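Colleague: below is the sequence, then the predicted model.
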Amino acid sequence: MQLHQGKFLFRLSAPHLPRREITVTMVVKKGGLCMATIRCPHCGSPVMVRGNRWECGWCGDFGNISSLFPSEQAKLAPKKSTPKITLSFTVSVEDSTPPPRHFTRTELVDMVRRWDFSENEWACRDLLIADFPDAVRRWTAEELEDMDTQDLLCEVGDSDPQTAVQMMKLLLDTAGSHLQEPEVAEQLLRWDMCDLCRNQFVQVPLLKQLKHDDRLARQLFQSAYVGDIQEDLLDACDWFGEAELKKHLYSLLTQNRYFEGFD
């Protein structure tokens, strides 16, 4: 605490507000603060006065102000000469947390292409949001912030399967040769896209795309991860009567050094 030109200055930390502080200024005008000692009518010890009641901390006696001796009641009567204190508080909160950085589409593409998320761990999701604004328009910015890549793909898949397939292609195309790295392939094919490819509404346009898009077929069946996603798509070929497509996709899979058969 500091006293400067009639002002008491306090600086208080605010642990519930990260990286913030609160400054409180107390201005004292004229005189000081004085309080007469009021004594208990029973034992004579000082009492505490709250409103119109008093209580003795020594003997436990208590009562209304009117039960005090007249001399003690007189001490409580306001006097013109009683010093007055006026306190004014000025509270300011300073937020030193920098606002979230907004990345351009070019920057997001570069992050996914390099598979480097040191600046933005949600670069894959944010790239989808940037490239497909119409598909995500029904959600608020706060709702999109609460989604991860898998959530966003599944949500779009339920309402717009064709766009969900194009979203999937964008991520696979941008990741490029990193799909031959087990960590990258597992993230995309096992976690981000597996539930999407189980959706039968998505399987229809996806199988149609796979008939003429050999690049997508190789991305899905010859990357460094083999698991449920390939098995689900082969089963979908059976379900939708795509025997020739299944034969082609399975042929690609048998050429994948990571394929050791299905359980």
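Modeller: Received the coordinates, thanks. Only a predicted model underlies this, so the values are computations on that prediction, with no experimental measurement involved.
Colleague: helices or strands next to whichever strand or helix holds Leu108 in the packing?
Modeller: Here Leu108, judged by DSSP states H and E, is contained in helix 105-114. Contacting helix 105-114 under the criterion 3 or more C-beta pairs under 8 Å, 6 or more residues apart in numbering; DSSP states H and E are the following elements: helix 123-131, helix 161-175. In this view, the C-beta of every residue, glycine as well, is placed from N, C-alpha and C.
Colleague: relative orientation of the first one and helix 105-114 in degrees?
Modeller: By that I understand helix 123-131. Note on geometry: by axes from the mean of the first three to the mean of the last three C-alpha atoms, to 10 degrees, helix 123-131 and helix 105-114 are set 140 degrees apart in direction.
Colleague: show me what helix 123-131 is packed up against.
Modeller: In terms of contacts (3+ C-beta pairs under 8 Å, 6+ apart), helix 123-131 is packed against helix 105-114, helix 149-159, helix 161-175.
Colleague: helices or strands up against the longest one?
Modeller: Based on contacts counted as 3+ C-beta pairs under 8 Å, 6+ apart, the elements that helix 161-175 packs against are helix 105-114, helix 123-131, helix 149-159, helix 200-212, helix 214-221.
Colleague: which ones are touching the closest residue to Ala217 other than its chain neighbours?
Modeller: Of all residues not flanking Ala217 in the chain, Leu210 sits nearest, at 5.1 Å (C-beta to C-beta, 6 or more residues apart in numbering). With C-beta atoms under 8 Å, 6 or more residues apart in numbering as the criterion, the residues that contact Leu210 are 216-217, 220, 233, 245, 249.
Colleague: just these now: which is nearest Val184?
Modeller: The shortest separation between Val184 and any of those is 13.8 Å, and it belongs to Leu220 (by C-beta to C-beta).
Colleague: next, find the distance separating the closest one from Gly261.
Modeller: With distances taken as C-beta to C-beta, to the nearest Å, Leu220 is found 17 Å from Gly261.
Colleague: and those two? Which one has more around it.
Modeller: Neighbours per residue, other C-beta atoms under 10 Å: of Leu220 and Gly261, the larger number sits with Leu220, 25 against 7.
Colleague: confirm for me that that one is in contact with Ala185.
Modeller: No - with contact defined as C-beta atoms under 8 Å, Leu220 does not reach Ala185; the gap is 10.0 Å.
Colleague: residues near Met111, how many?
Modeller: Applying other C-beta under 10 Å, we find 22 residues neighbouring Met111.
Colleague: grab the nearest non-local neighbour of it.
Modeller: Ala123 (4.0 Å).
Colleague: who does the helix or strand hosting Leu233 touch, helix- and strand-wise?
Modeller: Secondary-structure element containing Leu233, defined by DSSP H and E: helix 228-239. Helix 228-239 sits against helix 194-198, helix 200-212, helix 214-221, helix 243-254, with contacts defined as 3+ C-beta pairs under 8 Å, 6+ apart.
Colleague: could you check the pLDDT of Gly63?
Modeller: Among the per-residue scores, Gly63 shows a pLDDT of 87.
Colleague: show me the beta-bridge partners of it.
Modeller: Note on Gly63: beta-bridge partners by DSSP bridges are Trp54.
Colleague: ok, Trp115 touching Ser177?
Modeller: No - with contacts counted by C-beta under 8 Å, Trp115 stays clear of Ser177, the gap being 9.8 Å.
Colleague: look at these two and report which has more neighbours.
Modeller: Taking neighbours as other C-beta under 10 Å, Trp115 and Ser177 compare with Trp115 leading, 19 against 9.
Colleague: from Glu121, how far off is the residue nearest to the more buried one when sequence neighbours are not counted?
Modeller: Across the structure, with C-beta to C-beta, 6+ apart as the measure, the residue nearest Trp115 apart from its sequence neighbours is His178 (4.7 Å). His178 sits 16 Å away from Glu121, going by C-beta to C-beta.
Colleague: repeat for Glu107
Modeller: 14 Å.
Colleague: between the two, which is the more surrounded one?
Modeller: With neighbours defined as other C-beta under 10 Å, Glu107 and Glu121 compare such that Glu107 has more, 16 against 11.
Colleague: backbone dihedrals for the residue positioned nearest the centre of the chain, please?
Modeller: The centre of the chain sits closest to Asp146, judged by C-alpha atoms, centre = their mean, with a distance of 6.7 Å. Backbone torsions of Asp146, given as degrees, to the nearest 10, read phi -80, psi -10.
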